[in-house]
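Asks: Quick one, structure for this:
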Amino acid sequence: MDQAAKKQAVAAAAIEDIRGQFVSGAIIGVGTGSTANAFIDLLAQHKQQFDGAVASSQATADRLSSHGIRVLDLNDAGTLAVYVDGADEADPDLNLIKGGGGALTREKIVAAASERFVCIVDDSKCVATLGDYPLPIEVLPMARELVMRALVALGGQPKVREGFTTDNGNLIVDTAALDLRDPPAMERALNDLVGAVCNGLFALRPADALLVAGTSGVANYMRGDR
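Replies: Next comes the predicted model:
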């Protein structure tokens, strides 16, 4: 099974996982990225069975709208029953690194507003310890050097993502070499950096379920299973 086929398989598994949310009045949170796009394309087949979606990026909102799925502002939607999104890395405790697409702040907001977070990945994203993938951090432009100095002090190797601006008008600083053996502790430390809007560690609010597509099919892990 190639990468594209794995994305399709795990997206289909996510549809089956959340079928209970396809009821009148339901609003579904939807993430950003290629695996989330595969999910959106399948979700469109059920658009008459729920009331709409909250998007974690403008790109996702545009894709949802192109399928005729109603897109709502989170302020109007309230608490969401479920949020479906991919990840750049996932560890055995369902802690995640996200933000490869630069939408980490809005992704974290939608995840926080959701009762259940279903993460969908292929098996290449599963790691024993987070950190091989540089951690994305959204930074206010005026605080770029301030935040980068603080990241170096934490042991990181920060690099500004060239030619990229987030939907919020900010920079992404991709940071390698951080010690992520205790993801919640590092997330708290990064949350305290003045000028850093958000970081791509999803450990204080990890996934509730992790669907992993491999060569033999899709495995479903719940938090505490692995």
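
Asks: so where do the helices sit in the protein?
Replies: All helices of the chain, identified by DSSP state H, fall at 3-17, 34-43, 58-66, 74-77, 104-112, 144-153, 183-191.

Asks: How about residues contacting the second one?
Replies: Think helix 34-43. By C-beta atoms under 8 Å, 6 or more residues apart in numbering, the residues outside helix 34-43 that reach it are 7-8, 10-12, 14-15, 28, 30-31, 53, 60, 63-64, 67, 69, 84-86, 120-122. Backbone N, C-alpha and C define where each C-beta goes, glycine included.

Asks: Output the helices of the chain in JSON lines; the columns should cover mean pLDDT.
Replies: Formatted as JSON lines, the helices of the chain follow (pLDDT from 0 to 100):
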{"stretch": "helix 3-17", "mean pLDDT": "96"}
{"stretch": "helix 34-43", "mean pLDDT": "98"}
{"stretch": "helix 58-66", "mean pLDDT": "98"}
{"stretch": "helix 74-77", "mean pLDDT": "97"}
{"stretch": "helix 104-112", "mean pLDDT": "98"}
{"stretch": "helix 144-153", "mean pLDDT": "98"}
{"stretch": "helix 183-191", "mean pLDDT": "98"}
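
Asks: Show me the one of those helices that comes nearest residue 210.
Replies: helix 3-17 (9.9 Å; C-beta to C-beta).

Asks: who does that closest one touch, helix- and strand-wise?
Replies: helix 34-43, strand 117-122, strand 209-214, strand 217-222 (3 or more C-beta pairs under 8 Å, 6 or more residues apart in numbering; DSSP states H and E).
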